[in-house]
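Novice: Structure of the sequence below:
(one chain, ligands or ions: 3)
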Amino acid sequence: MKKAVLYSSLTALMLATGTASATLVKNGALDMWAADGWTQLANDDGYRASDGKVNPGWGGQRFDAEFFYFKLDGNTLSLGLQTGFDIEDNKVTSGSTDYYGGDIQLILNGGNEFAIDFGLYTQDYWGQDPVGGAGTGVDAAGVYSNVSWNNDIYFDVSSPFAMESGDLVSGLLSNDVGSAVVGGELSYYRTVSVNLDDLLGQGTDLYSLSAHWTMSCGNDAIYGETQVPPVSVPEPSSLALMSLGLIGLLGGVAARRRRV
Ligand SMILES: [Ca+2]
Ligand SMILES: [Ca+2]
Ligand SMILES: [Ca+2]
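Specialist: Ligands and ions are numbered 1, 2, ... in the order given. The predicted model follows:
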């Protein structure tokens, strides 16, 4: 009896570890981010291939929100988004349902909230209704303040989704899109740049930012935040190395003592 219990526990443990390690699929970041001074803001690559789970929803790579990057060049802030979701035409059809990409929620210095709109058509999940553009579903590409969000999506936890209304404060200095295969899977990117003077007022320094994006089902979402410039916190591994170094030093002292 005891043997049987032990055996089933071991089997359960083996199954659990096997599931966790074998099915987590990450295709990786596009090469372009390694150039031109991009800094990673968030890494949400990967899903569980056995059931297509991207957390909280499903759909595999086509619904994977993967990376955020940013860079600062004087008063110009650039943001880069990489997804398995098609953010080129902003639509993925699965079954008989169309799913649409949302807008980037950008928060500067802990309190100034904006929506970055790529200028693409979008609609929500439950009503399949156009979102924004006074009912047309299309707003001019740009940065908006005083934003009210449409969060009519399947997984609420992935909110905010897309701008229902807002005040245009700035156009986009650039709004580029493309796609490439990385790690055997197709990923899309969008990069936008904005003038911080238009967003914060002239001469106001940027000291922190956060960015968030999801799609109309909310199957996956990506969020990242950082201090500007990024503050590097010693990681546990570096702490462990420092401890090892300290042990080495103490060992050296002990060795010298023994010699004496
Ligand atoms: Ca993801
Ligand atoms: Ca992926
Ligand atoms: Ca819009």
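Novice: in terms of contact, does residue 164 touch residue 130 like I think?
Specialist: No: checked against CB atoms under 8 Å, the pair residue 164 and residue 130 is beyond contact range at 10.2 Å. Where you see a C-beta, it was placed from the backbone N, CA and C, and this is true even at glycine.
Novice: Could you pull out the helices in the stretch 51-200 of the chain for me?
Specialist: Listed in chain order, the helices of the stretch 51-200 of the chain (DSSP state H, counting those that start in this stretch) span 196-200.
Novice: Just list the residues touching residue 131, thanks.
Specialist: 100, 122-124, 137, 150, 152, 161-164 (CB atoms under 8 Å, 6 or more residues apart in numbering).
Novice: 7 Å - rerun?
Specialist: 122-124, 137, 150, 162, 164 (CB atoms under 7 Å, 6 or more residues apart in numbering).
Novice: ok, now residue 225?
Specialist: Counting by CB under 7 Å, 6+ apart, residue 225 has contacts residue 210.
Novice: Check the secondary structure at it for me.
Specialist: strand (DSSP: H, G, I helix; E, B strand; the rest coil).
Novice: Residues in a beta bridge with it, which ones?
Specialist: Note on residue 225: beta-bridge partners by DSSP bridges are residue 210.
Novice: try residue 221
Specialist: Going by DSSP bridges, residue 221 forms beta bridges with residue 214.
Novice: Give me the pLDDT for it.
Specialist: Looking at residue 221, its pLDDT is 97.
Novice: Tell me how far it lies from residue 51.
Specialist: With distances taken as CB to CB, to the nearest Å, residue 221 is found 18 Å from residue 51.
Novice: Which one of those two is surrounded by more residues?
Specialist: residue 221 (23 against 10; other CB atoms under 10 Å).
Novice: Run a quick check on that one versus residue 66, I expect a contact.
Specialist: No: applying CB atoms under 7 Å, one finds residue 221 not in contact with residue 66, separated by 11.3 Å.
Novice: Give me the contacts around stretch 172-185.
Specialist: Taking CB under 7 Å, 6+ apart as the rule, stretch 172-185 contacts 26-28, 30, 61, 76, 84, 87-88, 118-119, 141-142, 186-195.
Novice: Surely residue 228 is in contact with residue 200?
Specialist: No: counting by CB under 7 Å, residue 228 stays clear of residue 200, with 11.6 Å between them.
Novice: shared neighbours of these two, anything?
Specialist: residue 206.
Novice: Any idea how many residues pack against the residue nearest to residue 38 when sequence neighbours are not counted?
Specialist: Once flanking residues are discounted, residue 38 sits nearest to residue 69: 4.2 Å by CB to CB, 6 or more residues apart in numbering. Other residues within reach of residue 69, judged by other CB under 10 Å, total 25.
Novice: what does residue 133 give?
Specialist: Neighbours of residue 133 (other CB under 10 Å): 17.
Novice: any idea how far it is from residue 181?
Specialist: 33 Å.
Novice: What pLDDT does the model give residue 12?
Specialist: On the pLDDT scale, residue 12 gets 44.
Novice: do the same with residue 36
Specialist: pLDDT, residue 36: 83.
Novice: what are the bridge partners for the residue lying closest to it once chain neighbours are set aside, then?
Specialist: Nearest non-adjacent residue to residue 36, counting by CB to CB, 6+ apart: residue 71, 7.0 Å away. Note on residue 71: beta-bridge partners residue 78, judged by DSSP bridges.
Novice: thinking again about what came up before, just the contacts of stretch 172-185: which are in strands?
Specialist: Cross-referencing the contacts of stretch 172-185 against strands under DSSP state E gives 76, 142, 186-195.
Novice: State the distance from the residue most central in space within the chain to ligand 1.
Specialist: Compute the mean C-alpha point of the chain, and by CA atoms, centre = their mean the closest residue is residue 222, 3.1 Å away. Using CB to the ion, to the nearest Å, we find residue 222 at a distance of 6 Å from ligand 1.
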